[in-house]
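In: Here is a sequence together with a model predicted from it:
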Amino acid sequence: EQKIIVLASWLGWSLDGYDLVLMLFVISSVNQLFFPIMDPTLSLLATFATYTVALIMRPLGGALFGSFGDRHGRKKAMMVTVTGISAITFLTGLLPTWNSVGVIAPILLIILRFAQGLFAGGEWASGSSITMESTPKSMRGVLSGFLQSGYTFGFLLASIIFQIISYAFPGESFIDVGWRVMFYTAIGPGLLSLLIRFKMNESGIWLDKKKLNKIEKNPLLRILTAKENRHRLFLALIIMTGLMYSYYTSIGFMPTFLQKYVGLERQEVASIMIAATISSLIGTVFTGALSQYIGRMKTLTIFGLATIILAIPTVIGIYESNSLMEKMFFTGGLVFVASTAFGPMPAFLSERFPTEVRNTASGFAYNGGLIIGSWSPLIAIHFLSNVNQEFIAYAFAANIIIGSFIICVGSRLNSETRHISIE
C-alpha cells in the first residue's frame with residue numbers, strides 16, 4: 001500500500017514537471033505565434049510572463065486544494081488535481097494562434113495557464129502529505145528525495161520527448177505542428193496516474209483524525225490566525241522563495257539561455273537538458289537521503305553555499321566552452337547544486353505543520369515561494385538584455401546566486417525537524 005501511495009504521488013508530480021517543462025522548451029520557438037511583437041526580446045518576455053502566470057497562481061491552488069485535502073481527504077484532492085493538469089496540458093496543444101483568431105489566442109493561453117496553476121498548486125501538497133504520513137520516521141528523508149525527484153523525472157521525460165519531436169518535426173514544421181504534438185503526449189501519463197490513484201487508500205493518519213472528529217473546518221483560517229502557524233509559514237516561505245528562484249533561473253531558464261544566448265540548435269539544447277535533468281534527478285534523491293543523516297537545514301545550507309561558489313565558473317564554462325560534451329558537463333554540475341536542494345522539502349514541510357492543517361499549510365508554503373521566485377526567468381532576461389556580451393555569463397550566474405543566498409538565510413532561520421513525529 002505504501003508503494004502505491006508513493007508511486008501515485010511521484011507520478012502526479014512527474015506530470016506537473018512534464019507540463020511546465022514542455023512550456024519552457026517551446027517558449028523560444030512559438031512566442032511569435034501568440035505574441036507577434038516586432039522586438040524579439042519583448043515577445044519572449046510576453047510569453048514568459050504567460051508562463052509565470054501559472055506559477056503565480058500556484059499558491060492559491062495550494063491553499064484551495066490543500067484546504068479540500070484537509071477537509072475531505074488527500075486522495076480525493078489528488079484525483080481532482082491530476083485530472084485537471086493532464087486535461088489542460090492536452091488542451092494547450094489545441095490552441096489557435098494569433099494568425100487564426102488574433103488577440104483571442106494569447107487570452108486563451110493565459111486562461112489555460114491560470115487554470116493549470118490552480119490544479120498544479122494543489123498537486124504537490126496532497127501527494128507530499130499522504131506520502132509522509134504513510135512513511136516511517138527513519139525513511140522520510142529518503143522517500144522525500146524520491147518523491148521530489150518525480151518533478152525532475154517529468155523534466156527528463158519532457159527533454160526526451162522534445163528531442164524526439166525536434167527530429168520528427170525539424171525547422172518550421174516544429175513551429176507549425178511539432179509543439180502541439182508535445183502537449184498531446186501529456187494525456188498518457190495523466191491517465192496512468194489517475195488509474196493508480198483509484199487503487200490507493202486514504203492516509204491512515206488523516207482517517208484517525210476524522211474518526212476522532214478532529215477535522216479542521218477552515219484550515220487556512222487557522223493557519224493565518226494562530227501565531228505559531230503564521231511564524232512557521234513565514235519562515236518556510238523564505239526557504240521556498242530561495243529554492244524556487246534558484247531552480248527557475250538555473251535549470252528552468254536553461255533551455256532559453258542555451259538557445260537564445262549561447263546560440264545552440266534545438267537538438268543540441270535537448271541533448272544538454274537530458275544530461276542536466278539526469279544530474280538534477282540524482283541530486284534531488286541524494287539531498288533527500290542526506291537530510292535523513294545530517295538534517296534538513298544543514299543539507300540546504302551546504303547546497304546553497306556550493307551554488308554560490310560554483311555558479312560563476314560553471315556558467316562561464318557553459319557559455320565559453322566549444323564542445324557539446326563540455327557544455328553538458330558544466331550544465332550538469334551547475335544544476336546538481338543549484339536545483340536539487342528541494343529533496344528534503346516534502347519531509348520538512350510535513351514535519352513543520354500538524355495533520356489538521358498539513359495539506360493546506362505545506363501547499364501554500366511550497367507554492368508561495370513562487371510569488372517572488374517565479375519572476376527569476378524574467379529578471380534573467382532583463383539582466384541578459386542590458387549587459388554587454390562579455391558579461392552575459394556573469395549576469396546569469398548572479399541571478400542564480402540571488403536564489404542561493406536566500407536559501408542560506410532561510411536554512412539558518414528555520415528549526416531542524418527530522419526528529420519530529422508525524423501523527
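Out: Arrived safely.
In: which other residues reach stretch 400-417?
Out: Stretch 400-417 is contacted from outside by 235-236, 238-247, 249-250, 295-298, 300-301, 303-305, 307-308, 311-312, 315, 334, 338, 341, 347-348, 351-352, 373, 376, using C-beta atoms under 8 Å, 6 or more residues apart in numbering. Glycine gets a C-beta too; all of them are placed from N, C-alpha and C.
In: for stretch 231-242, that is, sorry about that
Out: 223, 300, 304, 345, 348-349, 352-353, 361, 364-373, 403-411, 413-414.
In: thinking again about what came up before, show me just the buried residues among the contacts of stretch 400-417.
Out: Among the contacts of stretch 400-417, those classed as buried by 16 or more other C-beta atoms under 10 Å are 236, 238-247, 249-250, 295-298, 300-301, 303-305, 307-308, 311-312, 315, 334, 338, 341, 347-348, 351-352, 373, 376.
In: which residues touch residue 350?
Out: 128, 129, 132, 133, 140, 358, 362, 422.
In: on that earlier part again, buried members of the contacts of stretch 231-242 into ChimeraX, please.
Out: To isolate the buried subset of the contacts of stretch 231-242 in ChimeraX, counting by 16+ other C-beta under 10 Å, use the following:
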select :223,300,304,345,348,349,352,353,361,364,365,366,367,368,369,370,371,372,373,403,404,405,406,407,408,409,410,411,414
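In: low-confidence ranges in the chain?
Out: Along the chain, segments meeting pLDDT under 70 span 1, 28, 38-39, 43-44, 47, 51.
In: repeat that with 80
Out: Along the chain, segments meeting pLDDT under 80 span 1-2, 20-21, 23-32, 35-56, 423.
In: Hmm, residue 278 and residue 156 touching each other?
Out: Yes. Contact criterion C-beta atoms under 8 Å: residue 156 and residue 278 qualify, at 6.4 Å.
In: Which one's more surrounded, the two?
Out: Applying other C-beta atoms under 10 Å to residue 156 and residue 278 shows that residue 156 carries more neighbours, namely 23 against 19.
In: can you pull the contacts of the residue lying closest to the more buried one once chain neighbours are set aside?
Out: For residue 156, ignoring the flanking residues on the chain, the nearest one in space by C-beta to C-beta, 6 or more residues apart in numbering is residue 277 at 4.0 Å. Residue 277 sits next to 152, 155, 156, 159, 251, 335 when contact means C-beta under 8 Å, 6+ apart.
In: buried sites along the helix or strand hosting residue 277?
Out: In this assignment (DSSP states H and E), residue 277 forms part of helix 266-294. For helix 266-294, a neighbour-count test (16+ other C-beta under 10 Å) marks 266, 268-292 as buried.
In: Stretch 414-423 now?
Out: Per 16+ other C-beta under 10 Å, stretch 414-423 contains these buried residues: 414, 417, 418, 422.
In: How about stretch 204-218?
Out: 205, 206, 209, 215, 216.
In: picking that back up, switch the contacts of residue 350 over to TSV, and while doing so, append distance to residue 69 and secondary structure to every line.
Out: Shown next, in TSV, are those (distance: C-beta to C-beta, whole Å; DSSP: H, G, I helix; E, B strand; the rest coil):
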residue	distance to residue 69	secondary structure
128	10	helix
129	7	helix
132	13	helix
133	11	helix
140	19	helix
358	9	helix
362	10	helix
422	15	coil
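In: would you turn those residues into CSV with distance to residue 87?
Out: Putting the contacts of residue 350 into CSV (distance: C-beta to C-beta, whole Å) gives the following:
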residue, distance to residue 87
128, 22
129, 23
132, 28
133, 28
140, 32
358, 27
362, 25
422, 32
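In: Mind checking which of the buried residues of stretch 204-218 are in helices?
Out: 205, 206, 209 (DSSP state H).
In: mind listing what the second one touches?
Out: With C-beta under 8 Å, 6+ apart as the criterion, the residues that contact residue 206 are 73, 74, 129, 130, 133, 355.
In: Where do the helices of the stretch 201-350 of the chain begin and end?
Out: In the stretch 201-350 of the chain, the helices defined using DSSP state H, counting those that start in this stretch lie at 204-211, 219-225, 227-249, 254-256, 266-294, 296-320, 324-338, 345-352.
In: so can I have CSV of those showing distance to residue 167?
Out: Output for these, formatted as CSV (distance: least, C-beta to C-beta, whole Å):
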stretch, distance to residue 167
helix 204-211, 46
helix 219-225, 47
helix 227-249, 27
helix 254-256, 16
helix 266-294, 7
helix 296-320, 23
helix 324-338, 16
helix 345-352, 36
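In: mind checking which of those helices is nearest residue 13?
Out: Closest approach to residue 13 among these (C-beta to C-beta): helix 345-352, 9.3 Å.
In: what angle separates the closest one from helix 266-294?
Out: 40 degrees (axes from the mean of the first three to the mean of the last three C-alpha atoms, to 10 degrees).
In: Distance from the chain centre to helix 345-352, please.
Out: 16 Å (C-alpha atoms, centre = their mean, to the nearest Å).
In: just stretch 154-173 next, same as before
Out: 20 Å.
In: Show me the contact partners of it.
Out: 13-22, 25, 174, 176-179, 181-182, 185, 189, 251, 266-267, 270-271, 273-274, 277-278, 280-281.
In: what about 6 Å?
Out: Outside of stretch 154-173, the residues within contact range by C-beta atoms under 6 Å, 6 or more residues apart in numbering are 14, 17-18, 21-22, 25, 177-178, 181-182, 185, 266-267, 270, 273-274, 277.
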